[in-house]
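Student: Can you look at this prediction? I've put the sequence above it.
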Protein chains: 2
Amino acid sequence: MTIQQIKYFLVLAKELHFWNTAEKVFISQSSLSRQIQALEDELQIQLFERDKRNVKLTNAGKFLQEQWREEIKEFDQIIRQAKKIDEGKTGTISITYPGSIAYEFLPKFLEVLSNNLPDLKIELTEPIDENHEKLLLNFQTDIAFSRDKIKNANIDSQKLYSEPICLVVPKNHRLNKKNLTRLENEKFIISGLHQTTFFASLLRSWFSKNGIEPKTIIESDFGGMIMNLVSKGLGISILPLSFKSAQAENVEFIELEEKIDLYINWRKKELNNTIKKVIELAKNVAKK
Amino acid sequence: MTIQQIKYFLVLAKELHFWNTAEKVFISQSSLSRQIQALEDELQIQLFERDKRNVKLTNAGKFLQEQWREEIKEFDQIIRQAKKIDEGKTGTISITYPGSIAYEFLPKFLEVLSNNLPDLKIELTEPIDENHEKLLLNFQTDIAFSRDKIKNANIDSQKLYSEPICLVVPKNHRLNKKNLTRLENEKFIISGLHQTTFFASLLRSWFSKNGIEPKTIIESDFGGMIMNLVSKGLGISILPLSFKSAQAENVEFIELEEKIDLYINWRKKELNNTIKKVIELAKNVAKK
DNA sequence: CCAACTAATGCAAAAACAGCATTAATTATG
DNA sequence: CATAATTAATGCTGTTTTTGCATTAGTTGG
């Protein structure tokens, strides 16, 4: 049984038409017909009911379609991952990160990477679905930066640093360290409070701890946009201190007591030495 | 790429010796050598480092060994399941059950099965690890009877019946319905209280509700053995009412208020019509 | 009843595969 | 240090499998 046969089967199971399928998979109709026969023969399972005109899946075929579709997807993913290991320093590694590190940590880290592993290709993604565990264990990512610690038997998680969160206000705003009152009257420009990200839940708890029901006038996920709006006097915001590195004009950062952490997460039994190296580099960058 | 090649790879990855491996998988050494080369070639991944004397896995090879070992296991399981669907009424279906239904429900159910589906082969297992969800979703079983309801998005669970649990005492024992006192002085012969089965946890909670710290003198999983010991006057026990059907001599059942349920569980999107039929038959048996 | 369609199959050429015998390199032995 | 033993790769040859073309045979729609 070949993987190719299974892939042919999956296309045919969708198309339910030998000629169209044959064309799609770049073999002749006769060859396809015989490949499917060979598969049925070897499995001793009838996959399709066909007469001279129609093709349809049997129940066993439907079952195998569902199961194999998933398994072949996994299968291909595994091979891609093995290739990464094989290619080592000249290969690709995938990194996911929260948008909030894009201004300070991430650029520093990427610079160090390109100095130490100049041929390494990096695939950066800011994940929508922040299920770091799944992304790591599926091999959809190799290194996940996150704001909260991941607790999973198959994942190692280490804190890189903490930083204060800050009120972000236009220059010469009435608020400053000595005068953090009447926040409830301020207009807030804030990153998706409704979301389930760690930062959003930290914000919600901060607001409730300070008895504030924030008047949110604009929501934006993009920190740069937020600072821009703040500098124009449209409202104030709350962001991690590292956004200061963006050097937005006309904006001041007022440190709050609350802190936020950054963690780095990777698969416990990682075999890819390049990934291990990258993790070490990340830790070094954070130490400085 | 053939499944066979992957299986050869897995054996070689364990043996790390071409001659031994070739013998194990019943092909010649030269053929094996070329199969592995073909695999490496097609994947464009080096799996083994070999000189004229030694064979060892590369990191990518180690990774694929780990991943493929699991995936091939799943793969074979999926095919076995597909075969069951294909064979239908003449095939096999797997059923897991708690020991406590062996005296009444199970025999009735099996009789109905053999009348309605005479050619169907049944594989009965009393699972040690009562993880019904996993057993079902892995296709290790097709129908799981359980004492507690299973809550899982991919599993359908339905109650078949409830029955009282009973004190089991020798005939003419001082205990009866009017006189359920001083149980704390009785010696108990009970099925594994330390276990994590649903029945055990029900017993524990019953004892604590009644303020009893039972003196357990014998633990046994086998209901028949328990009743035998009770009849010999060695102690008393607690069992579901249906054990009465075993018609042990010299034993009386005293119904308690506590009830215990029996559920039947199956995969939500079951494609095997025979399994669906068997589920219907089970429901009918329970209704009577 | 004919035309269009479609899955299966006979056939011949091409490709892939198997196993024997041998090679080439390494390690162990006396 | 020479020789034997070990072991993975490879050349070669006969066998099996696979391929695609052309054709067949059954079905459907007009």
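Tutor: That came through, no problem.

Student: The longest helix anywhere in chain A vs helix B:59-87, what angle?
Tutor: Taking DSSP state H as the criterion, chain A has its longest helix at helix A:59-87. With axes from the mean of the first three to the mean of the last three CA atoms, to 10 degrees as the basis, helix A:59-87 and helix B:59-87 are set at 180 degrees to each other.

Student: what packs against the helix or strand just after helix A:59-87?
Tutor: Of the helices and strands lying after helix A:59-87 in sequence (DSSP states H and E), the nearest is strand A:92-96. Where contact means 3 or more CB pairs under 8 Å, 6 or more residues apart in numbering or on different chains; DSSP states H and E, strand A:92-96 is packed against strand A:121-125, strand A:143-146, helix A:273-287. In short, each C-beta sits where N, CA and C put it, glycine included.

Student: part of a helix, is A:Ile264?
Tutor: No. Membership of A:Ile264 in a helix is not supported by DSSP: H, G, I helix; E, B strand; the rest coil, which gives strand.

Student: and it, what is it in contact with?
Tutor: A:143-145, A:157-158, A:160, A:279, A:282-283, A:286 (CB atoms under 8 Å, 6 or more residues apart in numbering or on different chains).

Student: So which of those residues sits lowest on pLDDT?
Tutor: Within the set of the contacts of A:Ile264, pLDDT is lowest for A:Ala286 (90).

Student: if I look at that residue, how far off is A:Tyr263?
Tutor: To A:Tyr263, A:Ala286 is 10 Å away according to CB to CB, to the nearest Å.

Student: Common neighbours of those two, please.
Tutor: A:Leu160.

Student: mind showing which ranges of chain A have poor pLDDT?
Tutor: Scanning chain A for pLDDT under 70 picks out A:176-181, A:192-194, A:221.

Student: Need the outlier residue of it, farthest from its centre.
Tutor: The outermost residue of chain A relative to its centre, with distances by CA atoms, centre = their mean, is A:Lys52 at 48.3 Å.

Student: rewinding a little: between helix A:273-287 and the longest helix of chain A, find me the angle.
Tutor: 60 degrees.

Student: tilt between helix A:59-87 and strand A:92-96?
Tutor: Using the same axes, to 10 degrees: helix A:59-87 against strand A:92-96 is 110 degrees.

Student: ok so, going back, contacts with DNA strand C among the contacts of A:Ile264, please.
Tutor: Among those, no residue lies close to DNA strand C (CB under 7 Å from any atom of the strand).

Student: coming back round to it: for the helices and strands packed on strand A:92-96, could you give me CSV that also reports mean neighbour count?
Tutor: CSV is the format used below for those (neighbours: other CB atoms under 10 Å in any protein chain shown):
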stretch, mean neighbour count
strand A:121-125, 13
strand A:143-146, 23
helix A:273-287, 16
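
Student: For DNA strand D, which of these is the nearest?
Tutor: helix A:273-287 (23.1 Å; CB to the nearest atom of the strand).

Student: Just confirm yes or no for that closest one near chain B.
Tutor: Yes. Residues of helix A:273-287 are located near chain B by CB under 8 Å from any CB of the partner chain, namely A:Asn273.

Student: what's in contact with that helix?
Tutor: Contacts of helix A:273-287 (CB under 8 Å, 6+ apart): A:84, A:88-89, A:91, A:93, A:105, A:108-109, A:112-113, A:116-117, A:120, A:142-143, A:158, A:160-161, A:262, A:264, A:266, A:270, B:59.

Student: Provide the secondary structure category for A:Phe9.
Tutor: helix.

Student: Between the two ends of stretch A:171-186, what distance do you get?
Tutor: 15 Å (CA to CA, to the nearest Å).

Student: on that earlier part again, taking strand A:121-125 as reference, get the angle to the longest helix of chain A.
Tutor: Using the same axes, to 10 degrees: helix A:59-87 against strand A:121-125 is 130 degrees.

Student: Off-centre distance for helix A:59-87?
Tutor: Put simply, helix A:59-87 sits 21 Å off its chain's centre (CA atoms, centre = their mean, to the nearest Å).

Student: Same list (the helices and strands packed on strand A:92-96) but as CSV, adding distance to B:Gln67.
Tutor: Shown next, in CSV, are those (distance: least, CB to CB, whole Å):
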stretch, distance to B:Gln67
strand A:121-125, 20
strand A:143-146, 19
helix A:273-287, 16
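
Student: And the ones you listed: which comes nearest B:Asn131?
Tutor: strand A:143-146 (28.9 Å; CB to CB).

Student: ok, now which ones touch the residue in the stretch 151-288 of chain A positioned nearest to chain B?
Tutor: Closest approach between the stretch 151-288 of chain A and chain B, counting by CB to the nearest CB: A:Leu271, at 4.7 Å. Contact analysis of A:Leu271 by CB under 8 Å, 6+ apart lists A:85, B:59-60, B:62-63.

Student: and with 6 Å instead?
Tutor: Counting by CB atoms under 6 Å, 6 or more residues apart in numbering or on different chains, A:Leu271 makes contact with A:85, B:59, B:62-63.

Student: Just confirm it is within a helix.
Tutor: No. Under three-state DSSP, A:Leu271 sits outside any helix and is assigned coil.

Student: how far away is it from B:Glu66?
Tutor: From A:Leu271 to B:Glu66 the distance is 8 Å (CB to CB).

Student: just A:Gln140 next, same as before
Tutor: Counting by CB to CB, the gap from A:Gln140 to B:Glu66 is 18 Å.

Student: re the thing from before, what about the longest helix of chain A and chain B, touching?
Tutor: Yes. Using CB under 6 Å from any CB of the partner chain, helix A:59-87 reaches chain B at A:59-60, A:62-64, A:67, A:78, A:82-83, A:85-86.

Student: A:Leu57 and A:Val168: what is the separation?
Tutor: In terms of CB to CB, A:Leu57 sits 58 Å off from A:Val168.

Student: the more surrounded of those two?
Tutor: Comparing A:Leu57 with A:Val168 by other CB atoms under 10 Å in any protein chain shown, the one with more neighbours is A:Val168, at 26 against 19.
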